[in-house]
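Undergrad: below is the structure, and that's it, no one-letter string:
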């Protein structure tokens with residue numbers, strides 16, 4: 001990447017990425033990862049930079065950076081100093097280390113077909129996966145619209161929806177706006193606004209298939 005592209009690069013400052021040797025078992029560093037995430041979250045909440053927090057804790061900036069990126073194992077003494085500097089109990093830095101992290105695997109074509117209120121013939125919804133529990137309210141669907149589609153329902157739901165068109169063409173409405181989508185196009189929107197397909201110009205020659213991912217708020221039952 002040359003210097004002209006760096007201004008357009010969007011970084012996820014809350015995530016962790018690190019190199020892993022092929023021989024290292026997956027999930028073998030859950031403790032380091034939990035400390036990394038909890039320490040970074042506490043530091044960001046305090047509004048301090050890595051350098052400022054390292055100075056407060058009494059360790060080098062490089063060491064704190066390694067801790068926050070799960071690239072080193074904390075000694076008990078360092079963990080204690082880190083907790084004091086962040087003004088949190090030591091146990092807060094270990095939170096989540098022993099939790100199971102859920103994953104849903106759906107082989108191709110095996111997702112259950114589900115019904116949605118207000119839909120009719122020609123609308124098929126395949127559930128690709130759904131995570132439930134605290135802070136996990138994500139639903140992924142493969143939606144197929146065929147020549148039997150005679151109605152164009154408009155949906156509303158809490159949360160945010162992302163759709164990515166895989167096949168065919170469609171005009172998709174959200175609120176007062178209409179977006180013309182071709183394969184490879186994506187749309188992300190507030191689910192509270194009325195939304196749904198308003199025109200399917202590629203039918204009947206080609207079905208319309210798109211991926212729909214809905215992130216519901218934690219308060220959704």
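TA: Thanks, I have it. Predicted, not measured: the structure shown is a model, and the values here were computed from it.
Undergrad: tell me how far the ends of stretch 93-105 are from each other?
TA: End-to-end distance of stretch 93-105 (CA to CA, to the nearest Å): 30 Å.
Undergrad: rounded mean pLDDT for that stretch, please.
TA: For stretch 93-105, mean pLDDT rounds to 70.
Undergrad: what's the answer for stretch 160-176, then?
TA: 95.
Undergrad: quickly list the domain ranges of the chain.
TA: 3-94, 113-215 (automatic domain parsing).
Undergrad: what's the closest of the ones you listed to residue 107?
TA: domain 113-215 (10.3 Å; CB to CB). Quick note: C-beta positions are derived from backbone N, CA and C, even for glycine.
Undergrad: stretch 45-63: which residues count as buried?
TA: 48, 53-54, 56-57, 59, 63 (16 or more other CB atoms under 10 Å).
Undergrad: what does that stretch contact?
TA: Stretch 45-63 is contacted from outside by 43, 64-65, 68, 72, 78, 81-82, 84-87, using CB atoms under 8 Å, 6 or more residues apart in numbering.
Undergrad: and that stretch, average pLDDT?
TA: On average, stretch 45-63 scores 89.
Undergrad: and that stretch, how far apart are its ends?
TA: Termini of stretch 45-63 sit 20 Å apart (CA to CA).
Undergrad: stretch 56-72 too?
TA: So stretch 56-72: terminal residues 20 Å apart, CA to CA.
Undergrad: for the stretch of helix or strand residue 142 belongs to, the distance to its chain's centre please.
TA: Residue 142 belongs to strand 138-145 when assigned by DSSP states H and E. With CA atoms, centre = their mean, to the nearest Å as the basis, strand 138-145 stands 16 Å off its chain's centre.
Undergrad: I'd like to know which elements that strand is packed against.
TA: strand 123-131, strand 208-215 (3 or more CB pairs under 8 Å, 6 or more residues apart in numbering; DSSP states H and E).
Undergrad: the contacts of stretch 45-63: which two are farthest apart?
TA: 72 and 87, at 22.2 Å, using CB to CB across these.
Undergrad: contacting residues for residue 145?
TA: Listed by CB under 8 Å, 6+ apart, the contact partners of residue 145 are 122-124, 168, 170, 197, 200, 203, 207-209.
Undergrad: now the residue nearest to it when sequence neighbours are not counted: how far from residue 41?
TA: What sits nearest to residue 145 in space, not counting adjacent residues and going by CB to CB, 6 or more residues apart in numbering, is residue 208, at 4.2 Å. Note on residue 208: its distance to residue 41, by CB to CB, to the nearest Å, is 41 Å.
Undergrad: more neighbours: which of the two?
TA: residue 208 (24 against 17; other CB atoms under 10 Å).
Undergrad: for the more buried one, give its distance to residue 217.
TA: 28 Å.
Undergrad: and residue 71, by the same measure?
TA: Counting by CB to CB, the gap from residue 71 to residue 217 is 34 Å.
Undergrad: so which of those two has more stuff around it?
TA: The neighbour comparison of residue 71 against residue 217 (other CB under 10 Å) goes to residue 71, with 15 against 10.
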